[in-house]
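Colleague: here is a sequence together with a model predicted from it:
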Amino acid sequence: MTPTTSSLKKWLFLVSFLGVSLSAQAQVLTDPAIQQTIMKTLDKIYNFEFTEADESIRQIQARYPQHPIGSILRATELELQYLPLHENKAATAQFIQAVDQGLVLAKQILDKNENDPEGVFFALTAHSYLASLHNNKNESLKAIGESKKAYNYLREGFILAGKNPDFYFTNGLYNYYIERYPMDHSIVKPFMFFFEDGDMAKGLKQMDIATKKGVFMRPVANYYLAHIYLKHEMNPGRAVVYAKYLADKYPNNPLFGMSNAEALLLAGHYAEARPYIQRLKQMPNKLVPLAVNTFTGMLAEFADKNDKEAAESYEMALRLPFNDPYTKEYHAFAYAGLARISARANDKNRARIYYRKALAVGQYKALIREAKAYKG
């Protein structure tokens, strides 16, 4: 990868970070009954109960054929049902069709009222979803185009939290990452004059409000806060609060299960982590085996003090390919584990090699600090 390409990808991550799971938002403000139906449908989607979700989505689309909610719910379902979506061409085509239809209907709402909260949010949802998909597929120019369009709607959403508390999530995510990302990736700083300033502390508070008051964005707000506290804030104990809520409410969801097991392990809650890791082992999703092997290695190393079993699990994890958006950090965890084991065996050269490999793929601040601190 050339330096220019690498820089572009980092910028794309910043401007398209809203793309993951934003399509959970769904406002049908005039009908409390349909809101309950939507919430139950989202629960089915997030818990991977797709047959039940399909029926609910059809009912919603039949009742509101000119509203984007049905199409966006369908896109959300496809993203999770075929996780990782970008590796499935047929599902990706269906996903794009659903998002495009949602965008058309959102723009019809905005044609009548350009400040309509539903129109703004669903247009933001559609463009950010497409930006994320194109970014995952390394389609940089397409991702840039969609990200710019998403940002326009995001700015309109800054003033809409008073009308819908779910906007606290999008506003908070922006406030946090617009400041955090350039701190971690100085290469993007020349691009930052395009964006309004943020406030990380305020962003964390806003997202926390969304975990309590949000209706449709509550799961997504919990997921992102767990990730932020693990990756950036080095506070796994705080991450557990958000991750465990999701794992308990949506026990069939591998993303939530992996996030929870990771948070519990990094927080040192090994006994509590074991049954959640065992649950993960029963899940068929292709992302799970790498995570399970890494987590099993961490349990063996930290809880059981068995370096031999830990090394076997870490090595098994490293034989499995990672998926960049979802499981890349687990390779870094495995390399770091092998580095610690090597250091305890007084093999300083091997420990240095493994820590260098961990640094090559890892992005978590705590892991980077550990690897750089090794002086063996």
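Modeller: Everything's here; your move.
Colleague: residue 47 reaches residue 253, doesn't it?
Modeller: Yes: under the criterion of CB atoms under 8 Å, residue 47 makes contact with residue 253 at 6.1 Å. All C-beta atoms are positioned from the backbone trio N, CA, C, and that covers glycine.
Colleague: between these two, which one's more packed in?
Modeller: Ranked by neighbour count (other CB atoms under 10 Å), residue 47 and residue 253 place residue 253 first, with 23 against 18.
Colleague: quick check: longest helix of the protein.
Modeller: helix 89-112 (DSSP state H).
Colleague: give me the angle between the next helix-or-strand element following that helix and helix 89-112.
Modeller: Using DSSP states H and E, the helix or strand that follows helix 89-112 in sequence is helix 117-136. Angle, helix 117-136 to helix 89-112, by axes from the mean of the first three to the mean of the last three CA atoms, to 10 degrees: 150 degrees.
Colleague: output the below-cut-off pLDDT ranges for the stretch 251-376 of the chain.
Modeller: Applying pLDDT under 70 to the stretch 251-376 of the chain flags no residue at all.
Colleague: same thing but at 80, please
Modeller: 376 (pLDDT under 80).
Colleague: tell me how far residue 128 lies from residue 320.
Modeller: Using CB to CB, to the nearest Å, we find residue 128 at a distance of 30 Å from residue 320.
Colleague: can you give me the helices for the stretch 151-300 of the chain?
Modeller: Counting by DSSP state H, counting those that start in this stretch, the stretch 151-300 of the chain has helices at residues 167-184, 200-213, 218-231, 236-249, 254-266, 270-281, 288-298.
Colleague: residue 156 is nearest to which of the ones you listed?
Modeller: helix 167-184 (10.0 Å; CB to CB).
Colleague: show me what contacts the closest residue to residue 213 other than its chain neighbours?
Modeller: The shortest distance from residue 213 to any non-neighbouring residue, by CB to CB, 6 or more residues apart in numbering, is to residue 165 (4.1 Å). If a contact means CB atoms under 8 Å, 6 or more residues apart in numbering, then residue 165 has 209, 210, 213, 214, 215 as its contacts.
Colleague: next: residue 154.
Modeller: Counting by CB under 8 Å, 6+ apart, residue 154 has contacts 18, 124, 128, 170, 174.
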